[in-house]
Each structure stands twice: as structure tokens, then as C-alpha cells.
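Enquirer: Give me a model of this one.
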Amino acid sequence: MKKLKLTLLALGLIALIVGAVMLFMAVSVDMKVVWEIATRYQGGGTKETLHDPRPKMLIISGIALGAGVLIGLGLGLPLHRALSQKKLDALVDQRVQQRLAGSAPEAATE
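Expert: Numbers count the residues shown, from 1 in each chain. All right, here's what the predicted structure looks like:
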């Protein structure tokens, strides 16, 4: 299981890096070209201002990345906390005492 977990972690990190590079290319290169074309042919008759969409795209991408991390952490965490060693030892001792107490009357009757 540990090897599978490490393999999935490595694949996830590789996918995250590839996604980050693709996002950088889309925001920095492709959106720059679209923005230049949109502002180049802006007509003089209407004075509508165009807003650069790149900051909003980065904010949305950051929120999506944060959401993905939180979902991954939520799926990766165990349902129950593991018992501490002290509690585990106490539980084992209690079960041993219960079994010894349960078998003591049977030994006395034989």
C-alpha cells in the first residue's frame, strides 16, 4: 500500500507541475495575444473600457487549486484517529483481564 501511495503522490505532483505550466502558458502567452488583439481594434466611437481578464483568471485558478488541495486532504485523512500507545495498552490489558476472569470460573469447576 505504501508503494501505491507514493506512486500516486508522485503522479499527482507531476500532474500539478504540468497543469501549472499549462496555466502559465495560457495566462501569460495566449491571453496576452487575445488582450492585444482586443485593445488594438478598439473603436474610437465608443469609449467602453476593457478590463484585463488575467488577474481574475489567476484568482479563479488559485481558488480551484486550493479547493483541490482541501478535497485531497479530506479524502486522504483517516476516518478515525488512531489510538495512542497508552490507550492501546490499556485496552489490551482490559481484554486480557476479561478473558482471564471469564475462564477462571470454568477452571474452578473442573
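
Enquirer: Check which residues of the strand or helix carrying L16 are buried.
Expert: Taking DSSP states H and E as the criterion, L16 maps to helix 2-25. Of the residues in helix 2-25, those with enough neighbours to count as buried (16 or more other CB atoms under 10 Å) are L23. Yep, even glycine has a C-beta here, placed from its N, CA and C like the rest.

Enquirer: Kindly export the lowest-mean-pLDDT helix or strand in the chain (C-alpha atoms) in PDB.
Expert: Lowest mean confidence among the helices and strands of the chain (mean pLDDT, DSSP states H and E): helix 2-25, at a mean of 75. In PDB, the C-alpha atoms belonging to helix 2-25 read as follows (Å, rounded to 0.1, in the frame of the first residue of the first chain):
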ATOM      1  CA  LYS A   2       2.800   2.400   0.800                       C
ATOM      2  CA  LYS A   3       4.300   2.000  -2.700                       C
ATOM      3  CA  LEU A   4       1.000   2.700  -4.300                       C
ATOM      4  CA  LYS A   5       0.500   5.800  -2.100                       C
ATOM      5  CA  LEU A   6       4.000   7.100  -3.100                       C
ATOM      6  CA  THR A   7       3.300   6.300  -6.800                       C
ATOM      7  CA  LEU A   8       0.000   8.200  -6.700                       C
ATOM      8  CA  LEU A   9       1.700  11.100  -4.800                       C
ATOM      9  CA  ALA A  10       4.400  11.300  -7.500                       C
ATOM     10  CA  LEU A  11       1.900  11.200 -10.300                       C
ATOM     11  CA  GLY A  12      -0.200  13.900  -8.600                       C
ATOM     12  CA  LEU A  13       2.900  16.100  -8.200                       C
ATOM     13  CA  ILE A  14       3.800  15.600 -11.900                       C
ATOM     14  CA  ALA A  15       0.200  16.400 -13.000                       C
ATOM     15  CA  LEU A  16       0.300  19.500 -10.800                       C
ATOM     16  CA  ILE A  17       3.500  20.800 -12.400                       C
ATOM     17  CA  VAL A  18       2.200  20.100 -15.900                       C
ATOM     18  CA  GLY A  19      -1.100  21.900 -15.000                       C
ATOM     19  CA  ALA A  20       0.900  24.900 -13.600                       C
ATOM     20  CA  VAL A  21       3.000  25.200 -16.800                       C
ATOM     21  CA  MET A  22      -0.100  25.000 -19.000                       C
ATOM     22  CA  LEU A  23      -1.900  27.600 -16.900                       C
ATOM     23  CA  PHE A  24       1.200  29.900 -17.100                       C
ATOM     24  CA  MET A  25       1.300  29.500 -20.800                       C
END
